[in-house]
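>>> What shape does this take:
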Amino acid sequence: MRFSDWATRVLFIFLMLTALMVALFAGNATKLQSNTTSNTAISNPEIIGWSQYPQAQLQAAKNQTGESQKQSKSPASPVKKNKVYGRYRTTEAFTKYIPRYEVASVDPSNYGERYSKDIHGVTLKNQAIIVLHETGYSASSAINFFQTPHEDENVQASYHTLIKLDGTVLYLVPPQKRAFGAANSVFDGIEGTETVQTNPNLPPSVNNFAYHVSLETPPDGQGNNYQKFHSGYTEAQYNSLAWLIAQSQVPDDRITTHQEVDRSGQKIDPVSFDFDKFLSLLHSFRQLSPVYRANK
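Numbering: from 1, shown residues only. So this is what the prediction gives:
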């Protein structure tokens, strides 16, 4: 082979390799840019203000370290007493009530991130709401369902917290995550209608700005999601529910029920819930802070 032919082939191979490297670099850059762009839609705590949610730092920490599969049976939940900030502060009655708590893992398919933008790119600024539910079945049945992977988006479901019949507070999904507690849903508040669509294949819902809390259904009401009445919830459940929500900065008028936000026409929970009793307990566990009252 003549030297000129050999040199031509070497030059050709070099150019081919150079072109391949340039193509690979460009592809990686495009992928990186694409990932960066898509991530702007994923949860932004600054926008919604998660300090408004019940504080379950232990639950969040356990989920991040993978230790949440071990249930804690400590007699007291991880909260700070008489914390004064924002609109509300907890009371002496709050510090005296000490419910048991547990932490259980939820399969990642059954919850997701909170979004800072909807599917149209509109920045979301919804204030937090709390949605009250009931399990319909036993607490253990609900936990088993949440711990089972579900690929079908229409089946995926979870709560942030579940309160058992004995008043035990069961932390499931960290507050900063989006639990799938309500499907087709809308919140009608004093500022108008609020809902968010984050999936083009599913109807809009309140999940992106909701904290979902469920009460375990009493035995006489379990197994029938369309039952309109049952014996109601235990004193321990009402107290633990009020204690849990007293830690939040969510005002009374943004605490609602699954039945109120549902737009499918199928959800009627929590059945036989005494809202007046709950609010009375809530007001005994928290009150407007003097600083907030003075600045009104």
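>>> All the strands of the stretch 151-296 of the chain, in order from the start?
For the stretch 151-296 of the chain, the strands defined by DSSP state E, counting those that start in this stretch occupy 161-163, 169-171, 177-179, 187-189, 192-194, 210-215, 255-257, 286-288.
>>> closest one to N295 among the ones you listed?
strand 286-288 (10.6 Å; CB to CB). The way it works is simple: take the backbone N, C-alpha and C, and place the C-beta from them, glycine included.
>>> Just checking, which helix or strand succeeds the helix or strand of the chain with the lowest mean pLDDT along the chain?
Every helix and strand in the chain was compared by mean pLDDT, DSSP states H and E; the lowest is helix 57-65, with a mean of 39. The C-terminal neighbour of helix 57-65 among helices and strands, as given by DSSP states H and E, is strand 88-90.
>>> Quick one: list the elements packing against that next one.
For strand 88-90, the packing partners by 3 or more CB pairs under 8 Å, 6 or more residues apart in numbering; DSSP states H and E come out as strand 286-288.
>>> low-scoring pLDDT stretches of the protein, where are they?
Applying pLDDT under 70 to the chain flags the ranges 1-85.
>>> all helices of it, in order?
Secondary structure of the chain (DSSP state H): helices located at 3-39, 45-48, 57-65, 92-96, 139-146, 235-246, 258-261, 275-285, 290-295.
>>> just to revisit the earlier point, would you mind giving the strands of the stretch 151-296 of the chain as CSV with mean neighbour count added?
Formatted as CSV, the strands of the stretch 151-296 of the chain follow (neighbours: other CB atoms under 10 Å):
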stretch, mean neighbour count
strand 161-163, 26
strand 169-171, 24
strand 177-179, 23
strand 187-189, 16
strand 192-194, 12
strand 210-215, 26
strand 255-257, 19
strand 286-288, 18
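>>> Out of the ones you listed, the one nearest A93 is which?
strand 286-288 (9.3 Å).
>>> strands paired with the closest one, and their directions?
Counting by DSSP bridges, the strands paired with strand 286-288 are strand 88-90 (antiparallel).
>>> residues of the strand it pairs with that come out buried?
88-90 (16 or more other CB atoms under 10 Å).
>>> can you put those residues in JSON lines and add distance to D253?
Listed next are the buried residues of strand 88-90 as JSON lines, based on distance: CB to CB, whole Å:
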{"residue": "Y88", "distance to D253": "13"}
{"residue": "R89", "distance to D253": "19"}
{"residue": "T90", "distance to D253": "20"}
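>>> Pick the one among those closest to S248.
Distances from S248 to the buried residues of strand 88-90, taken by CB to CB, are shortest for Y88, at 7.8 Å.
>>> which ones are touching the closest one?
For Y88, the contacting residues are 246, 248-249, 286-289, 292, by CB atoms under 8 Å, 6 or more residues apart in numbering.
>>> ok so, going back, which one of the buried residues of strand 88-90 sits closest to I98?
Looking across the buried residues of strand 88-90 and measuring by CB to CB, the closest to I98 is T90, at 12.7 Å.
>>> ok, H133 to E191 distance?
H133 sits 23 Å away from E191, going by CB to CB, to the nearest Å.
>>> no no, S105
Taking CB to CB, one finds S105 at 36 Å from E191.
>>> ok, the nearest residue to Y97 once chain neighbours are set aside - contacts?
Leaving aside its sequence neighbours, Y97 sits nearest to W243 (CB to CB, 6 or more residues apart in numbering; 5.2 Å). W243 is in contact with 94, 97, 99, 169, 285, counting by CB under 8 Å, 6+ apart.
>>> How many residues are close by the nearest residue to the third one once chain neighbours are set aside?
In this case it means P99. Nearest residue to P99 in three dimensions, chain neighbours excluded: S240, at 4.5 Å (CB to CB, 6+ apart). Residues near S240, counting by other CB atoms under 10 Å, number 28.
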